[in-house]
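>>> What follows is a protein structure lacking sequence information:
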């Protein structure tokens, strides 16, 4: 199998006229990954992508306006979901599993709500439901660290990993894979305009609205909710909230980890995802 | 220290005219226990009560109309909370910790909402919030087992313990303590009328009402939410829902156990409660 760090970046034109950049590794049932704020194709840990692709086809893509994909990034999660549906449809896929991470997990929820027939099973990593109290933008320390025009390695590590030697050590290894494993044909960085639009979508998602929480009752697919126990960006309480409101959810909180728990615990998480998807 | 299995049953008359039967063991900060459906003073596992009383005063009581307490059992959780406040006030206590189990955990939430100044910290065991979808009465198998005029040992074990050799073995030991450790001065059994009123309160608590979930935002005390992973009576998903909506909650799901996880894991649970209350 081709490793994610050397996988070719391809492009597909969807009916909305957008040229979507994507990568695909492995064979089998398609699992579409939905990326976090600021992230492009290169921000998926190759170790995680490779582990997930052992038994299935793993597809990553840049959504509209992100990285090498054309178009203008929309400023609502709902529009991002519609754009993701366009991409999935352009690939000729009629039913997929979804793994959404952070902002991508919001998009995953919205895809399941807009086009339920497209979605088999859903993994929500470092996630929260729309309207949850306390989700209206990230903590000042967090947005200060990763919301600016430039983000240092220390700022990335401070949000994605817990302030312990074990987690930070794992974070340095993950960062080494993310920023070092692929040396050629790296993706285009997300633009400042894209990041602004994404954060607009994040804050809009977090406008407090208790009634909106009830939307989760319409996501009838099996869902695996996962988070790090020390995530400062999207608190683990929101994973419990998802697990309490989704009709068919299981939850796991990974120890000694934060927003990037899925990179830190990539082997364990990939095994858990495989067990869940194969059930 | 007097063991719970030999503690004297006392009585105190509250301002509402009700004579409340209660027991008290240990010394220190008062922890008031709120009992489950059907339960009276004898239905607390003496091993749990004794473990909790190592570092504090543990108080159990029969609420209005239950067991040896006079009066008529009300059919709403709100009225049960008011009655519990009457009892606590009659004891001269101005601030207490609460440990509510099942129906008692509903009462604990309501006490915290009605009289927040009375409550320090709260333990919710096998609990759910008012209005949660799917809580409108218990599963037919469950209410069939414990909702009738008579309940066999097998029916009790089938709800309070998981269908595994380890859990059922622990259940038989707990049942031996609950039904066998105290040989004299046992409490009066709950009447059929009391059980009917209690189950009316349970179903009323479970009338689906998404907006009611937002009441939890007003419980600002630290809360420890706990459940068994296989509880058939009040599903663990409701513990996650509580942890997701309460402003200051921590959650623990105990393995290989059900509604009566706190009796099965009495030592571990008492240690966890002590750590939480002493924090």
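Cool, got the structure. If you're wondering where the values come from, they're calculated on a predicted model, not measured in any experiment.
>>> how about the helices in chain A?
In chain A, the helices defined using DSSP state H lie at A:46-52, A:77-90, A:103-114, A:140-146, A:153-160, A:165-180, A:192-205, A:236-245, A:261-264, A:266-278.
>>> just those: most buried one?
Scoring these by mean neighbour count under mean count of other C-beta atoms under 10 Å in any protein chain shown gives helix A:261-264 as the most buried, with a mean of 28. Bear in mind the C-beta positions are built from the backbone N, C-alpha and C, glycine included.
>>> Remind me what it packs against, helices and strands.
Applying 3 or more C-beta pairs under 8 Å, 6 or more residues apart in numbering or on different chains; DSSP states H and E, one finds that helix A:261-264 contacts helix A:46-52, helix A:165-180, strand A:223-228.
>>> Now mean pLDDT and distance to chain B too, for the ones you listed, in a markdown table please.
Shown next, in a markdown table, are those (pLDDT from 0 to 100; distance: least, C-beta to the nearest C-beta, whole Å):
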| stretch | mean pLDDT | distance to chain B |
| --- | --- | --- |
| helix A:46-52 | 98 | 25 |
| helix A:165-180 | 96 | 20 |
| strand A:223-228 | 98 | 9 |
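>>> Now render these as CSV, adding distance to residue B:98.
Formatted as CSV, the helices and strands packed on helix A:261-264 follow (distance: least, C-beta to C-beta, whole Å):
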stretch, distance to residue B:98
helix A:46-52, 43
helix A:165-180, 36
strand A:223-228, 29
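>>> what residues does the stretch 101-250 of chain A put near chain B?
A:132-133, A:210-211, A:213-214, A:217, A:237-245, A:249 (C-beta under 8 Å from any C-beta of the partner chain).
>>> how about 7 Å then?
With C-beta under 7 Å from any C-beta of the partner chain as the criterion, the stretch 101-250 of chain A meets chain B at residues A:133, A:210, A:211, A:214, A:217, A:237, A:238, A:240, A:241, A:243, A:244, A:245.
>>> for the nearest residue to the last one once chain neighbours are set aside, what are its contacts?
Right, the one you point to is residue A:245. Leaving out its chain neighbours, the residue that sits closest to residue A:245 by C-beta to C-beta, 6 or more residues apart in numbering or on different chains is residue A:216, at 4.1 Å. Taking C-beta atoms under 7 Å, 6 or more residues apart in numbering or on different chains, we find residue A:216 in contact with A:129, A:242, A:245, A:246.
>>> repeat that for 8 Å
Neighbour list for residue A:216: A:109, A:129, A:242, A:245, A:246, A:247 [criterion: C-beta atoms under 8 Å, 6 or more residues apart in numbering or on different chains].
>>> do the same with residue A:268
Residue A:268 neighbours (C-beta under 8 Å, 6+ apart): residue A:254.
>>> Local confidence estimate at it?
pLDDT for residue A:268: 98.
>>> Likewise for residue A:149?
87.
>>> So what's the residue count around it?
A count of nearby residues for residue A:149, using other C-beta atoms under 10 Å in any protein chain shown, gives 6.
>>> who's the residue most central in space within chain A bridged to?
What sits nearest the mean C-alpha location of chain A, by C-alpha atoms, centre = their mean, is residue A:101, with 2.3 Å. With beta bridges defined as DSSP bridges, residue A:101 has these partners: residue A:125.
>>> In this structure it contacts residue A:262, no?
Yes - when contacts are counted by C-beta atoms under 8 Å, residue A:101 is listed as touching residue A:262 (6.5 Å).
>>> between these two, what contacts are shared?
Joint contacts of residue A:101 and residue A:262 (C-beta under 8 Å, 6+ apart) are A:125, A:126.
>>> For the one residue in the stretch 1-150 of chain A that gets nearest to chain B, which residues are in contact?
Nearest to chain B, among the residues of the stretch 1-150 of chain A, is residue A:133, at 6.5 Å (C-beta to the nearest C-beta). Residue A:133 is in contact with A:208, A:210, B:217, counting by C-beta under 8 Å, 6+ apart.
>>> Show me what the helix or strand of chain A at the bottom of the mean pLDDT ranking is packed up against.
Every helix and strand of chain A was ranked by mean pLDDT, DSSP states H and E. The lowest is helix A:140-146, at a mean of 87. Here helix A:140-146 touches helix A:153-160, going by 3+ C-beta pairs under 8 Å, 6+ apart.
>>> any idea how far residue A:101 is from residue A:49?
For residue A:101, the distance to residue A:49 (C-beta to C-beta, to the nearest Å) stands at 12 Å.
>>> Show me the common contact partners of the two, please.
Applying C-beta under 8 Å, 6+ apart, one finds that residue A:101 and residue A:49 are jointly contacted by residue A:33.
>>> Make sure residue A:15 is actually in contact with residue A:87.
No - with contacts counted by C-beta under 8 Å, residue A:15 stays clear of residue A:87, the gap being 10.2 Å.
>>> In this structure residue A:235 contacts residue A:134, no?
Yes - Residue A:235 sits in contact with residue A:134 when judged by C-beta under 8 Å, with a separation of 7.5 Å.
>>> These two: which is more packed in?
Set residue A:235 next to residue A:134 and count neighbours by other C-beta under 10 Å: residue A:235 wins out with 19 against 14.
>>> residues in contact with the more buried one?
A:128, A:134.
>>> Looking at it now. What's its pLDDT?
Per-residue confidence at residue A:235 stands at 97 (pLDDT).
>>> Then residue A:246?
So residue A:246 comes in at 98 (pLDDT).
>>> Residue A:138 now?
At residue A:138, the model reports a pLDDT of 88.
>>> burial measure for residue A:185, as a count.
Residue A:185: 12 surrounding residues under other C-beta under 10 Å.
>>> That one against residue A:10, yeah?
No - counting by C-beta under 8 Å, residue A:185 stays clear of residue A:10, with 11.1 Å between them.
>>> and stretch A:208-220, what's its mean pLDDT?
Averaging pLDDT along stretch A:208-220 gives 98.
>>> Flag every buried residue along that stretch.
A:213, A:214, A:215, A:216, A:219 (16 or more other C-beta atoms under 10 Å in any protein chain shown).
>>> Then stretch A:27-35?
Using 16+ other C-beta under 10 Å as the test for burial, stretch A:27-35 gives A:29, A:30, A:31, A:32, A:33, A:34, A:35.
>>> And stretch A:182-191, by the same measure?
By 16+ other C-beta under 10 Å, the buried positions in stretch A:182-191 come out as A:182, A:187, A:190.
>>> mind putting those in CSV, pLDDT included?
What follows is these, written out as CSV (pLDDT from 0 to 100):
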residue, pLDDT
A:182, 95
A:187, 97
A:190, 96
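>>> Which of the residues you listed sits closest to chain B?
residue A:190 (30.6 Å).
>>> give me every residue that touches that closest one.
A:38, A:39, A:40, A:66, A:67, A:198.
>>> Any chance of a ChimeraX selection covering the buried ones in the residues you listed?
Here is the ChimeraX command that picks out the buried ones among these, judged by 16+ other C-beta under 10 Å:
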select /A:38,39,40,66,67,198
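>>> Who are the contact partners of residue A:168?
Neighbour list for residue A:168: A:157, A:161, A:162 [criterion: C-beta under 8 Å, 6+ apart].
>>> any idea which of those is least confident?
Within the contacts of residue A:168, residue A:157 has the lowest pLDDT, namely 93.
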